[in-house]
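# This is the structure alone, sequence omitted:
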């Protein structure tokens, strides 16, 4: 009768499943135990999960705990010190210990029936989170392949800070001349890379009257050199992005590029190759897009400037249809016109791309990609099925097909790939 009167269940009335904490220390210790075993945390009302709280919550919690100390306590100084000690432990656990990982990397490929054909990669990686929105990410790996005797290593390290106003990421990586990973992809070996990604996100109120919500001046610079310190390439992207109140964006950018090639490079199969040597060029680009969350959205890009030994003009655009949160389809086309001085030649390229995505539920997806090059009548298609069978563990089934739509009966290339991953926590 009492449960009916109060409108609660009998177990809730009797306190079944309810735990009481006598102190702040016991409360957060119990929350730590729950969070270690939980895959999902849903907060309806207090008490809350400490891992989901902000830095402002830490400041408020410390103030509340200090104000809760009775005025007539015998050793108030010690009680205040205990609060500071407790907050230090909590911040360390949330910002460093709980968000950090140290792991191992092992990849093996062995040929069936050929003991001399193999590739093994092994190493370790670490992601350490520090207070102040700073994290450090690094890895070091070695490879074992019969094709090389030395230089079979690779490493990378970077520092990253991501704040609401300011963000920066910088670091370096190096791939030895003999590093081999048959199960991965990298463009070149015997190279060292330095990189920096920096930007700020001011939101001046004066620009809201013009429909601008945020300005994002930024740079993304990448420098490449060989292991003797000679420049190999560089990509210096500098731009300003304007995020609009409507959900769209506009970006103005300059891209400065350098490429040193040891052998002639064929940029288009219909013209002679670009000669070996060092090439520098600058390009200027304007991009714009509407709100991508709308049922129908659009994007466009216009580029003018240099390209290798000549000049270029490039334009691209596309439409995206999103009738529901489950389905999305897009169609894009790009057209580039270039005039080169070495070799003395001109060419144009047009490229069509179609993407389709469908989500059956939050754990199962199918994606399709179709690309067509009218100059060669080459049609590429990719179909991928993805099933998340457990957290951070996936099943991928991928179908690839490449065919020439020339009517000459050229046999298409096809492949089927199945990949299963399983995350093991220890």
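Sure, I can see it. Note that the coordinates shown come from a computational prediction; the quantities given were computed from them, not determined experimentally. Numbering: from 1, shown residues only.

# Isn't residue 365 up against residue 383?
No: applying CB atoms under 8 Å, one finds residue 365 not in contact with residue 383, separated by 11.7 Å. The way it works is simple: take the backbone N, C-alpha and C, and place the C-beta from them, glycine included.

# Going toward the C-terminus from the lengthiest helix in the chain, what's the next helix or strand?
Identified as the longest helix of the chain according to DSSP state H is helix 76-92. Using DSSP states H and E, the helix or strand that follows helix 76-92 towards the C-terminus is strand 101-110.

# Give me the contact list for the helix or strand following that next one.
Next along the chain after strand 101-110, taking DSSP H and E as the criterion, comes strand 118-130. Residues from elsewhere that reach strand 118-130, judged by CB atoms under 8 Å, 6 or more residues apart in numbering: 95-96, 99-111, 135-146, 154, 180-184.

# Any quick ChimeraX command for the buried ones out of those?
Buried residues within the contacts of strand 118-130, by 16 or more other CB atoms under 10 Å, are selected in ChimeraX with:
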select :95,135,137,138,139,141,143,145,154,180,181
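
# can you give me the strands in the stretch 251-400 of the chain?
277-289, 296-307, 310-321, 327-340, 345-361, 364-373, 378-390, 393-404 (DSSP state E, counting those that start in this stretch).

# In CSV: these, plus distance to residue 227.
Below are the strands of the stretch 251-400 of the chain laid out as CSV (distance: least, CB to CB, whole Å):
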stretch, distance to residue 227
strand 277-289, 18
strand 296-307, 29
strand 310-321, 32
strand 327-340, 31
strand 345-361, 35
strand 364-373, 36
strand 378-390, 35
strand 393-404, 35
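
# Residue 77: which of the ones you listed is closest?
With CB to CB as the measure, strand 378-390 is the member of the strands of the stretch 251-400 of the chain nearest residue 77 (50.1 Å).

# mind listing what's buried in that closest one?
Using 16+ other CB under 10 Å as the burial criterion, the residues of strand 378-390 that qualify are 379, 381, 382, 383, 384, 386.

# and the residue lying closest to the fourth one once chain neighbours are set aside, how many neighbours?
Here the nearest residue to residue 383 in space, its sequence neighbours aside, is residue 399; by CB to CB, 6 or more residues apart in numbering that works out to 4.4 Å. Burial measure for residue 399: 14 neighbouring residues, criterion other CB atoms under 10 Å.

# Can you name the residues bridging to residue 399?
residue 383, residue 416 (DSSP bridges).

# contacting residues for it?
Residues near residue 399 by CB under 8 Å, 6+ apart: 381, 382, 383, 384, 414, 415, 416, 417.

# can you redo those residues as TSV with distance to residue 169 and pLDDT?
Putting those into TSV (distance: CB to CB, whole Å; pLDDT from 0 to 100) gives the following:
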residue	distance to residue 169	pLDDT
381	35	94
382	30	95
383	34	96
384	29	95
414	40	91
415	35	92
416	37	93
417	32	92
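
# out of these, who's nearest residue 223?
Closest to residue 223, out of all of the contacts of residue 399 and judged by CB to CB, is residue 382, at 32.4 Å.

# Could you double-check that the closest one lies in contact with residue 400?
Yes: taking contacts as CB under 8 Å, residue 382 lies within contact range of residue 400: 5.4 Å.

# Tally up the residues packed near residue 264, please.
Counted with other CB under 10 Å, residue 264 comes out at 12.

# cool, residue 81 as well?
Using other CB under 10 Å as the criterion, the residues surrounding residue 81 number 11.

# Could you tell me which residues within stretch 289-298 count as buried?
So for stretch 289-298, counting by 16+ other CB under 10 Å, buried means 289, 290, 297.

# Show me what the mean pLDDT comes to for that stretch.
Taken as a whole, stretch 289-298 has an average pLDDT of 92.

# so how far is stretch 225-244 from its chain's centroid?
From the chain centre to the centre of stretch 225-244 is a distance of 18 Å (CA atoms, centre = their mean, to the nearest Å).

# Please work out which residues outside it touch it.
By CB under 8 Å, 6+ apart, stretch 225-244 touches 174, 176-177, 188, 190-192, 211-224, 249-260, 278.

# Check stretch 289-299 too.
Against stretch 289-299 from outside (CB under 8 Å, 6+ apart): 246-249, 287-288, 300, 317-323, 332.

# Tell me how far the residue nearest to residue 383 lies from residue 385.
Plainly put, residue 399 is 9 Å away from residue 385 if you go by CB to CB, to the nearest Å.

# neighbours around residue 114, how many?
Neighbour number of residue 114 under other CB under 10 Å is 8.

# Give me the buried subset of the contacts of stretch 225-244.
Those of the contacts of stretch 225-244 that meet the buried threshold are 174, 176, 191-192, 212, 214-216, 218, 220-221, 223-224, 249, 251, 253, 255-260, by 16+ other CB under 10 Å.

# thinking again about what came up before, against which helices or strands is the longest helix of the chain packed?
Using 3 or more CB pairs under 8 Å, 6 or more residues apart in numbering; DSSP states H and E, the elements in contact with helix 76-92 are helix 24-37, helix 55-67.

# If you count neighbours, what's buried in that helix?
83, 86, 87, 90.

# quick revisit: least confident of the helices and strands packed on helix 76-92, on average?
helix 24-37 (a mean of 64).

# was I right about residue 423 contacting residue 388?
No: using CB under 8 Å, residue 423 is not in contact with residue 388, being 10.5 Å away.

# and residue 167, what does it touch?
Residue 167 neighbours (CB under 8 Å, 6+ apart): 161, 197, 198, 199, 200, 201.

# one more time with 7 Å, if that's ok
Shown in contact with residue 167 (CB atoms under 7 Å, 6 or more residues apart in numbering): 161, 199.
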